[in-house]
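In: Sequence plus the predicted model coming up.
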Amino acid sequence: MSIEKKLYPIQIEEIKDIGKGDNVCLTFQKFEKEHYMLTGPYNRALFLVPLASEVNAGPVSMYSFCKDPNTKKEKTKYLNELKPGDEMVTMDSDGNESSIIVKKSKIIPMHMFYTKGRYRILGSEIFSLIDKEEDYFNYYRDIFHLKEKRNGKSIHALDIDKYEKKKREICAYLDVATVVPDLRAKQIKIGDKILAYIQMPGLVSRHFGTNYGGDDTHCIER
């Protein structure tokens, strides 16, 4: 597997009731204890979902990490695409990897909650995005919230070059959000920290489930 094991605690800042939606309920034959599924609405950030024999995984539109049956490499699928026999990637809280096989998938209406937090990115990581050949920063700069670390003052994305020699003085915040069924929402409150897999520093995009990158290619999700 080529997944970069980058797990970060995301502090929850907002929980909002968004009404009923179609939830994917997955059943597994067996699973590793203390391991988690990886799901989320953005390919750049996937939250860890606790495993059980039956899991309310989330809305039909969420991504999940799977293994391609032919190449065994990682591939994202929408939750509603999962079917019996699919192999899903799982991790424990230290980033150790395993996998599980889907036994059954069903879609049922459930109450849903939008849950949002932020991931803090160091100035050196921001400049690593600028220095890359693909120049990820310019593709994605409107999703970063650039700040001066000392006073929290906002920095316009076009002014970032002024801080090239003062990388330690700035940071950025990447919005990270997910949608969870009400059963899981009841276990979360504002201020809690939840582990998420963040695809840094490359913020690798995916399209049709596979890595999507290279010269002059990008995929911005909102």
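Out: Everything's here; your move. Residues are numbered from 1 along each chain as shown.

In: how close does the residue nearest to Phe127 when sequence neighbours are not counted get to Gly123?
Out: Leaving out its chain neighbours, the residue that sits closest to Phe127 by CB to CB, 6 or more residues apart in numbering is Lys167, at 5.5 Å. C-beta: built from backbone N, CA, C; applies to glycine. Distance of Lys167 to Gly123, given as CB to CB, to the nearest Å: 4 Å.

In: Ok, Val179 next?
Out: Remark: distance between Val179 and Gly123 (CB to CB) = 31 Å.

In: same check, this time on Leu26
Out: Applying CB to CB, the value for Leu26 to Gly123 is 40 Å.

In: Just say helix, strand or coil for Gly168.
Out: Small correction: residue 168 is Arg, not Gly. Recorded secondary structure, Arg168: helix (DSSP: H, G, I helix; E, B strand; the rest coil).

In: wait, doesn't it sit right on Glu125?
Out: No: using CB atoms under 8 Å, Arg168 is not in contact with Glu125; the gap is 11.6 Å.

In: For these two, indicate the residue with more neighbours.
Out: Glu125 (14 against 10; other CB atoms under 10 Å).

In: Now do the helix or strand containing that one: which elements does it pack against?
Out: If you go by DSSP states H and E, Glu125 is part of helix 123-131. Contact here means 3 or more CB pairs under 8 Å, 6 or more residues apart in numbering; DSSP states H and E; on that basis helix 123-131 packs against helix 136-140, strand 170-181.

In: And the contacts of stretch 180-194?
Out: For stretch 180-194, contacts defined as CB atoms under 8 Å, 6 or more residues apart in numbering pick out 9-15, 23, 47-49, 56, 58, 110-113, 115, 117.

In: Now that we have these, which of them are buried?
Out: Among the contacts of stretch 180-194, those buried by neighbour count (16 or more other CB atoms under 10 Å) are 10, 12, 15, 23, 47-49, 56, 58, 110, 112-113, 115, 117.

In: can you list these in a markdown table and add distance to Thr90, secondary structure and pLDDT?
Out: Putting these into a markdown table (distance: CB to CB, whole Å; DSSP: H, G, I helix; E, B strand; the rest coil; pLDDT from 0 to 100) gives the following:
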| residue | distance to Thr90 | secondary structure | pLDDT |
| --- | --- | --- | --- |
| Ile10 | 19 | strand | 89 |
| Ile12 | 22 | strand | 93 |
| Ile15 | 25 | strand | 94 |
| Asn23 | 19 | strand | 95 |
| Phe47 | 13 | strand | 90 |
| Leu48 | 9 | strand | 90 |
| Val49 | 9 | strand | 89 |
| Asn56 | 16 | strand | 93 |
| Gly58 | 15 | strand | 93 |
| Met110 | 22 | strand | 93 |
| Met112 | 23 | strand | 93 |
| Phe113 | 23 | strand | 93 |
| Thr115 | 21 | strand | 92 |
| Gly117 | 22 | strand | 91 |
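
In: Alright, that wraps it up for me.
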